[in-house]
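In: just the structure for this:
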Amino acid sequence: MNSNDQNGNFEKKRLRPRYVTDRSTYTQPEFDSDFAGVPATKHTFKEQAGMFARENVYCSWRRLGSLLMTVLPFLGIMRRYRVREYLLNDIMAGITVAIMQIPQGMGYAMLAAVPPVYGLYVSFFGPLVYFFFGTSRHVSIGTFAVVSLMLAGSVDRLSGVETVASQVNNTGIFTATEPSVGSGKYSAIEVASSVTLLAALFQLGMGVLRLGSLSSYLSDQLVVGFITGASIHVFTSQVKRVLGLDIQSFSGLFKIVYTYIEIFKHIAETNIASLVISLICIVLLVLSKQFLDDKFKKLVRTPVPMELLLVISGTSLSYVFNFGAKYDLEIVGEIPTGLPPPSLPPIDIWVTVVSDAFAIAIVAFTINLSLGKIFAKKHNYEINSNQEMFALGIVNAVTSCFSGFISSASLSRSLVQEGAGCKTQITSLVSCSILLFVLLFLGPLFEYLPNCVLAAIIVVALKGMFMQYKQLPKLFRHSKTDFGIWVVTWASTVFLDVTYGLGIGVGFSLLTIIWRTNHPQVAVMGRLEDTNIYKDISIYQPVFELPCIKIVRFEASLYFANAEYFRNMLYAVSEVTPTKLKRLRLRVEEKLKKKKDSECTNGSQHSIESHNSCSSRVSASSDESLEPQDPLGLSNYDSSVDLSGLGHDYVDIEVTETSADIEKPPASVTDADLKFMIIDCSMFSYVDITGVQTLAQIIKEYDEVDIKVILVSCRHNVRAMLQQSGFYKTLSADRLFLTVHDAVLFAVQSTSKHLLEYEKTSSIVVHF
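Out: This is a model prediction of the structure:
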């Protein structure tokens, strides 16, 4: 199909309407004078405080109801609950998630360096509390691998297990971490609960202060890179359990490197029984998820509960054949029945875990909010980020007082819960009911479960995170910057530490933002023929620059960090540097004056009339050098003078001895035709004092070489800043125009005689 046919088909698909406009050009003051609305009323601080109090600080039954609906979102969900349509789906999803909660809760508890039973407490109390305060209908709250791993660092450091990093530190060989504080004073669960309570207080504080929107500073690429990097640590922590190795733990910088060195040192000590059981479990889990889940869902809308089947079969076989004693396998051990009594965790270790708790609080909330937004968008409802922060804080505060640790949304469980037909958080109540039954009556049955079975479940659960690596080529093609954020966050998380990785990722992400705002795109604009459309000449080939006019658009706000860059780029694209041209003018005039003085001195033997004639020529020359239409007066200069470098570099000018040179100073510069510099300010969302000063400096410098600067499309707040800072003392408000085209028509109309021909061929009123 040729291009004509394609164009014809396009016209058939869309008939583009045409319009013609005929109006006068507007400067900004003219437009404001003709069409200005009612000016905004300015209020004092006292008046503003009074209005805020009247609008927000009052009591009424309606306001009380609105407050309850905000703090307890389940009231609104239950009020609109459709029993016949939702209940069966919620029950089935609750049973499915409960089956996953049992093995995952126990496995992720080991990941957090606490006994497995405490993972069941988290799996019970977390979803139960979230039911009342959460706004997402589909996320599954409970244990999660990444935050459990982050918590393990504090637990290992403070619960009496002195790490190898500390031991090496004392010898001066490795200084990645400081020696543990209070080692041996608290149990693992006490440290875990204490860190969780502090993280909960951070979350509650940010929720009350309405800081949930801060999560927007964590980009998707940063979060994915961090989680994927943390999953490497999760996998590494389970390798020793899969192999059945009893090796020392490491913490601090490069701990993953030291861990693998230690693993390979003891690889010959691998427990064959543990390795075989783990491989069998991994193979069964992979086959189930790869081939059986989809077929099973068609029958009962739930995946095959392979994790639970492995836990039951592993426990049974271990009990019958005494795996613990016969094959030296590490088993779960004693699991008490019932629920733990409430107690306040120790708080005297908070000083040493503030940074850990804050990082855990942010990561847990970010993961929870990210998943919540995905499901909310899919099912067409809204979630409140501030309420989610508050809800997660309440969840973790309550959980920490019942011997629990940090809770967050789980990616794998949430996907299964949503896929099983979940409609509301009634699913959580069903799941909690089953877990309560397990805790009250069935807990001791899991005492003989081998830890390698739980390790295999955790390893396979990481598959979804490892699949993120497949997105890297696509991300690289789409955005090099986002790819860089992903890689830097991932690398720092893997090779340094989980906590360091998050901080470095955030820092690098902010640096990319700073770099892009400090070095934005500077576009030279051209006009599309017979229209008022102006586009970047480097992108659109049909557009062309207008004679004597340079149109520039700075695609960012103008503030202290990029003001100097703006000035330099403006000089570069215009190919005219006013300060250099001004110095050149002075040099040329100085040489001319010296030449004339020398000739007058040499002619002193002539008559007084001749001397006066020479003096008059000097005076005339000096007057002509100030002519605005001839900035540097190089138009009649001898052709042997090379001016090709002006605008970029200084050039040496050799004055010839022709009479024309003596009578007239130089007339032009490299870009002699440039008369107007139009700056499109439509991208300026704000301008600070430094930006205003830079604009004033640019305008003054260009005025000194007879190039007029015009500003167009300035926003109201930008114009207000210009007014308040006294900018209009430098540039008349009449040089602010409504649009680029208004400014161009003014420039065309005002240009000197060498543009008259252009005016004849271009109508002032443009039809388009």
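In: give me the pLDDT for residue 190.
Out: Looking at residue 190, its pLDDT reads 92.
In: check the secondary structure at it for me.
Out: Look at residue 190: counting by DSSP: H, G, I helix; E, B strand; the rest coil, its state is helix.
In: burial count for it?
Out: Using other CB atoms under 10 Å, residue 190 has 19 other residues around it. From N, CA and C alone the C-beta is placed, and that goes for glycine too.
In: tell me the secondary structure at the residue nearest to it when sequence neighbours are not counted.
Out: The spatial neighbour of residue 190 that comes closest, neighbours along the chain excluded (CB to CB, 6 or more residues apart in numbering), is residue 346 at 5.7 Å. Following three-state DSSP, the label given to residue 346 is coil.
In: can you count the residues close to residue 346?
Out: The burial count for residue 346: 17, using other CB under 10 Å.
In: kindly report the same for residue 749.
Out: What residue 749 shows, counting by other CB under 10 Å, is a neighbour count of 11.
In: check residue 358 too.
Out: So residue 358, with other CB under 10 Å, has 16 neighbours.
In: quick one: secondary structure of residue 16?
Out: coil.
In: tell me the contacts of it?
Out: Contact analysis of residue 16 by CB atoms under 8 Å, 6 or more residues apart in numbering lists nothing.
In: all helices for the stretch 551-700 of the chain, in order.
Out: Remark: helices assigned in the stretch 551-700 of the chain by DSSP state H, counting those that start in this stretch are 563-574, 578-602, 608-624, 659-663, 689-704.
In: ok, of the ones you listed, where does mean pLDDT dip lowest?
Out: Looking at the helices of the stretch 551-700 of the chain, the bottom one is helix 659-663 with a mean of 32.
In: centre-most residue in this structure?
Out: residue 219 (4.2 Å; CA atoms, centre = their mean).
In: from what I see, it and residue 481 are in contact.
Out: No: if you go by CB atoms under 8 Å, residue 219 and residue 481 don't touch, sitting 10.0 Å apart.
In: let me see the contact set for residue 104.
Out: Residue 104 is in contact with 119, 123, 142, 143, 307, 410, 412, 413, 457, 458, 461, counting by CB under 8 Å, 6+ apart.
In: from residue 402, how far off is it?
Out: According to CB to CB, to the nearest Å, residue 104 and residue 402 sit 19 Å apart.
In: residue 424 too?
Out: In terms of CB to CB, residue 424 sits 24 Å off from residue 402.
In: re earlier: just give me the least confident of the contacts of residue 104.
Out: For the contacts of residue 104, the weakest pLDDT value sits at residue 412, with 78.
In: mind checking the SS state of that residue?
Out: Applying three-state DSSP: residue 412 is helix.
In: need the mean per-residue confidence for the strand or helix carrying residue 390.
Out: Using DSSP states H and E, residue 390 sits within helix 385-400. Confidence over helix 385-400 (mean pLDDT, whole number) is 93.
In: going forward, begin numbering at 54 instead of 1
Out: From this message on, residue numbering opens at 54, which makes the last subject helix 438-453.
In: tell me how far that helix lies from the chain's centre.
Out: 24 Å (CA atoms, centre = their mean, to the nearest Å).
In: helix, strand, or coil at residue 795?
Out: Residue 795 - assigned by three-state DSSP - is helix.
In: per-residue pLDDT, residue 561?
Out: The model reports residue 561 with a pLDDT of 93.
In: so it touches residue 541, yeah?
Out: Yes: because the distance of 4.7 Å satisfies CB under 8 Å, residue 561 is recorded as touching residue 541.
In: please identify which of the two sits among more neighbours.
Out: Taking other CB under 10 Å, residue 561 and residue 541 do not tie; residue 541 has more neighbours (20 against 16).
In: look up how far residue 275 lies from the closest residue in space to the residue nearest to the centre of the chain that isn't next to it in sequence.
Out: Excluding the flanking residues, the one nearest residue 272 by CB to CB, 6+ apart is residue 562, at 6.0 Å. Separation of residue 562 from residue 275 (CB to CB): 5 Å.
In: spit out the residues that contact these two alike.
Out: Common contacts of residue 562 and residue 275 (CB under 8 Å, 6+ apart): 538, 542.
In: burial count for residue 342?
Out: 17.
In: quick one: contacts for it?
Out: Applying CB under 8 Å, 6+ apart to residue 342 gives the contacts 356, 359, 513, 516.
In: show the contacting residues for the second one.
Out: For residue 359, the contact set (CB under 8 Å, 6+ apart) comprises 337, 338, 341, 342, 345.
In: ramachandran angles for the residue nearest to the centre of the chain?
Out: phi -70, psi 160 (degrees, to the nearest 10).
In: just the one 3 residues further on next, same as before
Out: For residue 275, the backbone dihedrals (degrees, to the nearest 10) come out as phi -60, psi -50.
In: test my guess that it contacts residue 538.
Out: Yes: using CB under 8 Å, residue 275 makes contact with residue 538 at a distance of 5.5 Å.
In: any shared contact partners between the two?
Out: 558, 562.
In: mind putting the contacts of residue 157 in TSV, distance to residue 82, neighbour count and secondary structure included?
Out: Formatted as TSV, the contacts of residue 157 follow (distance: CB to CB, whole Å; neighbours: other CB atoms under 10 Å; DSSP: H, G, I helix; E, B strand; the rest coil):
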residue	distance to residue 82	neighbour count	secondary structure
172	70	28	helix
176	68	34	helix
195	63	33	strand
196	65	29	coil
360	73	27	helix
463	61	30	coil
465	63	19	helix
466	63	24	helix
510	72	26	helix
511	69	23	helix
514	66	24	helix
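In: so where's the stretch 504-653 of the chain shaky on pLDDT?
Out: 652-653 (pLDDT under 70).
In: sorry, that was for the stretch 354-503 of the chain
Out: Using pLDDT under 70, the stretch 354-503 of the chain drops low at 354-355.
In: other SSEs contacting whichever strand or helix holds residue 119?
Out: Following DSSP H and E, one finds residue 119 within helix 114-124. Using 3 or more CB pairs under 8 Å, 6 or more residues apart in numbering; DSSP states H and E, the elements in contact with helix 114-124 are helix 127-132, helix 438-453.
In: tell me which of the ones you listed is the most buried.
Out: helix 438-453 (a mean of 25; mean count of other CB atoms under 10 Å).
In: what's downstream of it, the next helix or strand?
Out: Once helix 438-453 ends, the next helix or strand along the chain (criterion: DSSP H and E) is strand 461-462.
In: can you name every helix or strand that that next one contacts?
Out: helix 403-432.
In: from the chain's centre, how far out does the helix it packs on sit?
Out: In terms of CA atoms, centre = their mean, the gap separating the centre of helix 403-432 from the centre of its chain is 16 Å.
In: hang on, the earlier thing: nearest to residue 201, of the contacts of residue 342?
Out: Checking the contacts of residue 342 against residue 201 with CB to CB, the nearest one is residue 513 at 16.3 Å.
In: which one is that closest one nearest to, not counting chain neighbours?
Out: In space, and not counting its chain neighbours, residue 513 is closest to residue 338: 4.2 Å by CB to CB, 6+ apart.
In: just give me the neighbour total for that neighbour.
Out: So residue 338, with other CB under 10 Å, has 21 neighbours.
In: cool, and residue 173?
Out: The local packing of residue 173 (other CB under 10 Å) involves 25 other residues.
In: buried sites along the helix or strand containing it?
Out: Per DSSP H and E, residue 173 falls inside helix 170-186. For helix 170-186, the neighbour count (16 or more other CB atoms under 10 Å) marks 170-186 as buried.
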